[in-house]
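*Asks:* missing the sequence, but the structure's below:
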Ligand SMILES: NC(=O)c1ccc[n+]([C@@H]2O[C@H](COP(=O)([O-])OP(=O)(O)OC[C@H]3O[C@@H](n4cnc5c(N)ncnc54)[C@H](O)[C@@H]3O)[C@@H](O)[C@H]2O)c1
C-alpha cells in the first residue's frame, strides 16, 4: 500500500510508520515538527524513518492545503492508497490555555484531510480519536456505543468533532474511515509532556514528582507497539465507517504505574500529592472486545514489561 501518514515525527506516528515500512509499504510522512515539545526528539524519530528507502517526509502544516496537496500527489488515489491521520495538537492541559491551536490544527486540519481524501479518491482513512471523548461517562469500561457527547476538555471536544467529520464525509461522499480511540499510550520515544516521561525526569533529577488526583487516578495504559499493530490492522481492514477503542485491556492504578517505573529506574521518587487538574477524568477503562473481534487487536504488553522497555530507551537516549 501507499500510505500518507500525518504526524510521522510524533510518538505514535513514528512507531506506526516503522511497522508499515518494515513490512514493505510505501510511506509518505507529513509533519510540521512543531515546538510543543523538544523538536530534537521529533528529528531523532524522523532520522530513523529516513533510513528506510520506502519513506519520504514532507515538512508541512495540516492548515496549508498546498503542502497537503503535494503529499496527496505522492500517493495518488485508488484502492491501494490510505491516509493514516495521526497529526494533531495533543495534551488536555495545553488545550485549556491554547484553544485556538486546537481548533485550527485538529478541526480545520482534519477537515482539510477529509476534503483531500474525497478529491484524490483515497482508498480509506484511519485517524486518531481519543479516550477523552468519553468525558464524564460514568459507565465503565467504556464501550464504543456509550454516550460520548460531554467531553471534559477542549482537546476531547476536537477529537469528538473529528469522529463527526468522518461520519459526514462517509455519508455524504463515501470516504471510508476508521476512528481509533487511543487510551494513554506509552513506550520508547514517548511524549515528554506525558506522565511517564515527566515522572522519569523528576525521579532521575531527584526533584519532587507532581502526582495529580492525589494518586487516585486509574488509567488503561497502552504500550505503543500494541497501538501501532492496531492502527496497521485498521488500515488493512479498511472498514466503511467504524470507531474502535484501542486500550491496553487492563486498568491500572496510577501509583502502580509509578512504582513499576521506580523499580525499573532503581530509584524511588519524592511524591507531591496534588488535586485533580481541570479537564482530567478520574478513570479511563477500555472495553476492547469490538477491536479484538473486528481488527484481531491483541494488546500483549503489560506495564510490568512495557515500562522497563521505556526505561531502557530513556537511559540510552539521555545517556543516563
Ligand atoms: N499519546 C496518547 O496517549 C494519545 C491518546 C489519545 C489520542 N492520541 C492521539 O494520537 C495522535 C498521535 O499522538 P502522539 O502521542 O503521537 O502525539 P505527538 O504530539 O507526539 O504527535 C503528533 C505529531 O503531529 C504533528 N503536528 C501537530 N500539529 C500539526 C499540524 N498542524 N500540521 C502538521 N503536523 C502537525 C506534531 O509535530 C507531532 O509530531 C494524536 O492525534 C493524538 O491526539 C494520543
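*Replies:* Thanks, I have it. Because the structure is a prediction, the values reported are computed rather than measured. Residues are numbered from 1 along each chain as shown.
*Asks:* Only C-alpha atoms from now on, for both contacts and neighbour counts.
*Replies:* Noted.
*Asks:* my guess is residue 157 is in a helix, correct?
*Replies:* Yes. According to DSSP: H, G, I helix; E, B strand; the rest coil, residue 157 belongs to a helix.
*Asks:* Now for it, how many residues are close by?
*Replies:* By the criterion of other C-alpha atoms under 10 Å, residue 157 has 23 neighbours.
*Asks:* Surely it touches residue 135?
*Replies:* No. Residue 157 is beyond contact range of residue 135, at 9.0 Å (criterion: C-alpha atoms under 8 Å).
*Asks:* Overlap of the contact sets of those two?
*Replies:* residue 151 (C-alpha atoms under 8 Å, 6 or more residues apart in numbering).
*Asks:* Okay, helices next: where are they in the protein?
*Replies:* Counting by DSSP state H, the chain has helices at residues 11-22, 39-49, 65-75, 92-97, 99-102, 109-120, 154-173, 195-205, 224-237, 254-265, 289-295, 303-317.
*Asks:* Can you give me the buried ones in the last one?
*Replies:* Of the residues in helix 303-317, those scored as buried under the neighbour-count criterion (16 or more other C-alpha atoms under 10 Å) are 303, 306-308, 310-311, 313-314.
*Asks:* Run the angle between it and helix 195-205 for me.
*Replies:* Helix 303-317 and helix 195-205 are oriented at 60 degrees to each other (axes from the mean of the first three to the mean of the last three C-alpha atoms, to 10 degrees).
*Asks:* and residue 113, how far is that from the ligand?
*Replies:* Taking C-alpha to the nearest ligand atom, to the nearest Å as the measure, residue 113 falls 11 Å from the ligand.
*Asks:* give me every residue that touches that residue.
*Replies:* Contacts of residue 113 (C-alpha under 8 Å, 6+ apart): 62, 68, 85.
*Asks:* mind checking pLDDT for the first one?
*Replies:* The predicted local confidence for residue 62 comes out at a pLDDT of 98.
*Asks:* go on, the last one?
*Replies:* Predicted confidence (pLDDT) at residue 85: the value is 98.
*Asks:* Neighbours of it, how many?
*Replies:* 23.
*Asks:* Am I right that it is in contact with residue 6?
*Replies:* Yes. Taking C-alpha under 8 Å as the definition, residue 85 is a contact partner of residue 6 at 5.0 Å.
*Asks:* wait, isn't residue 200 in contact with residue 259?
*Replies:* No. Using C-alpha under 8 Å, residue 200 is not in contact with residue 259; the gap is 11.2 Å.
*Asks:* okay, the two: which has more neighbours?
*Replies:* Counted by other C-alpha under 10 Å, residue 200 and residue 259 do not tie: residue 200 has more neighbours, with 24 against 14.
*Asks:* residues contacting that one?
*Replies:* 261, 265.
*Asks:* before we move on, the earlier item: okay, the buried residues of helix 303-317 in TSV with distance to residue 217 next?
*Replies:* Converted to TSV, the buried residues of helix 303-317 look like this (distance: C-alpha to C-alpha, whole Å):
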residue	distance to residue 217
303	16
306	19
307	18
308	21
310	21
311	22
313	26
314	24
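*Asks:* Same list (those) but as TSV, adding distance to the ligand and pLDDT.
*Replies:* Output for the buried residues of helix 303-317, formatted as TSV (distance: C-alpha to the nearest ligand atom, whole Å; pLDDT from 0 to 100):
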residue	distance to the ligand	pLDDT
303	14	97
306	14	98
307	14	98
308	18	98
310	14	98
311	17	98
313	16	98
314	16	98
